[in-house]
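Trainee: the following block contains a protein sequence and its predicted model.
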Amino acid sequence: MSEIVHVPFHGDDVPLVDVKGQPRVVLKPALESIGVDYWTQVEKLRSRSWATTSQSPVVAEDGKTRDMVICDVRTFLMLLATIDERRVGKDVAPKLIAYQAEVADAIEAYWTNGGAINPRATRDQLNEIAETARRQMDVLRLMPGLVDARWLEAKAREVAARALGEEPEQDPATRLLTVGDYLGDQGMAATAARKLAPTFGKRLKAAYVRRHGEIPRTAPRFIDGAQRDVAVYTEADRDLFDAVWSEIGGA
């Protein structure tokens, strides 16, 4: 059996219990504190593939032990991001809106900048991020001569910026550009882009060779869950992409 402890969160307290060394949110008091219907949200969670809930005997603040629905922190944060701000109490709505805006900012930073750092991160959390960046840099130091130098420089900038919570500073002319990135920018669906990519890539490679007199270097990228070597281009080559697109992609 676990006793409830309270952890500060956006000016409020979130009730947590320890389950085998992992924090779990006690849903009933947590949801009632923001003025939403407990059972409605529990049923929603039970129908979501990303949600993990369970029941656990918990010693409540009145000293009685009850079986209560709990969830991991990830599930609780996802749930908060999906709650309609119009269904919470007026005193809670501003905090929920602020939290959801912060979630949106974090998601944008994750996809566009390669990562996001919580401005309230503790020193231990920041040290862990820095240690991860150090290990990644150690790997990059082994790669000169094995992959395209432009890719290596761009990757090192990304790692450093992520560790500092900043956006990578890159010269637009050296910013990497792949066939997949370009086709995505044109609004193509993933399935259609994968179908077109081989033909697009062959024509682009031929155009690159005609201009530079050499084949493009390659670098590893994760595609469809697997790491593959792909040709490396930069924004300086975008006009070649545009030319190929006008020939076959935009037709």
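Mentor: Arrived safely.

Trainee: ranges for the strands of the chain?
Mentor: All strands of the chain, identified by DSSP state E, fall at 2-3, 5-9, 12-19, 22-26, 53-59, 65-72, 176-177, 218-223, 226-231, 233-234.

Trainee: next, the contact list for residue 30, please.
Mentor: Residue 30 makes contact with 14, 15, 76, according to C-beta atoms under 8 Å, 6 or more residues apart in numbering. The C-beta positions use only the backbone N, C-alpha and C, and glycine is treated the same way.

Trainee: should've said residue 32
Mentor: Each residue near residue 32 by C-beta under 8 Å, 6+ apart is listed here: residue 38.

Trainee: check it and give its pLDDT.
Mentor: The predicted structure scores residue 32 at 82 on the pLDDT scale.

Trainee: could you do residue 148 as well?
Mentor: 55.

Trainee: try the one 3 residues further on
Mentor: At residue 151, the model reports a pLDDT of 57.

Trainee: before we move on, the earlier item: output the strands of the chain in JSON lines; the columns should cover mean pLDDT and distance to residue 100.
Mentor: What follows is the strands of the chain, written out as JSON lines (pLDDT from 0 to 100; distance: least, C-beta to C-beta, whole Å):
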{"stretch": "strand 2-3", "mean pLDDT": "68", "distance to residue 100": "29"}
{"stretch": "strand 5-9", "mean pLDDT": "71", "distance to residue 100": "14"}
{"stretch": "strand 12-19", "mean pLDDT": "80", "distance to residue 100": "15"}
{"stretch": "strand 22-26", "mean pLDDT": "86", "distance to residue 100": "17"}
{"stretch": "strand 53-59", "mean pLDDT": "86", "distance to residue 100": "21"}
{"stretch": "strand 65-72", "mean pLDDT": "88", "distance to residue 100": "18"}
{"stretch": "strand 176-177", "mean pLDDT": "76", "distance to residue 100": "32"}
{"stretch": "strand 218-223", "mean pLDDT": "63", "distance to residue 100": "29"}
{"stretch": "strand 226-231", "mean pLDDT": "69", "distance to residue 100": "34"}
{"stretch": "strand 233-234", "mean pLDDT": "84", "distance to residue 100": "36"}
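
Trainee: need these in JSON lines (columns: mean neighbour count).
Mentor: What follows is these, written out as JSON lines (neighbours: other C-beta atoms under 10 Å):
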{"stretch": "strand 2-3", "mean neighbour count": "15"}
{"stretch": "strand 5-9", "mean neighbour count": "13"}
{"stretch": "strand 12-19", "mean neighbour count": "17"}
{"stretch": "strand 22-26", "mean neighbour count": "20"}
{"stretch": "strand 53-59", "mean neighbour count": "15"}
{"stretch": "strand 65-72", "mean neighbour count": "18"}
{"stretch": "strand 176-177", "mean neighbour count": "18"}
{"stretch": "strand 218-223", "mean neighbour count": "15"}
{"stretch": "strand 226-231", "mean neighbour count": "12"}
{"stretch": "strand 233-234", "mean neighbour count": "21"}
